[in-house]
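Q: coords please:
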Amino acid sequence: MVVYRKYLERLLENYEVTEYLSQRQPEVLLEFQRIVKTSDTHHG
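A: Numbering: from 1, shown residues only. Below is the predicted model of the structure:
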């Protein structure tokens, strides 16, 4: 799970990716953000 979280963190740091997802797949973006946030609170 740590590998996936790190991948999602790096993916969401990319402005173009975040912008694309927010415009075309907002539910996917929200889920990715939730996964990263949840993982941060459990491993922080």
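Q: what number of residues lie near L8?
A: Using other Cβ atoms under 10 Å, L8 has 16 neighbouring residues. Every residue, glycine included, has its C-beta placed from N, CA and C.
Q: what's the distance between it and E27?
A: According to Cβ to Cβ, to the nearest Å, L8 and E27 sit 15 Å apart.
Q: now for the protein, the helix or strand with the poorest mean pLDDT.
A: helix 26-43 (a mean of 88; mean pLDDT, DSSP states H and E).
Q: counting contacts, what elements does it pack onto?
A: Here helix 26-43 touches helix 2-13, helix 15-24, going by 3 or more Cβ pairs under 8 Å, 6 or more residues apart in numbering; DSSP states H and E.
Q: closest to S39 out of these?
A: helix 2-13 (4.2 Å; Cβ to Cβ).
Q: for that closest one, give me every contacting residue.
A: V17, T18, L29, F32, Q33, I35, V36, S39, H43 (Cβ atoms under 8 Å, 6 or more residues apart in numbering).
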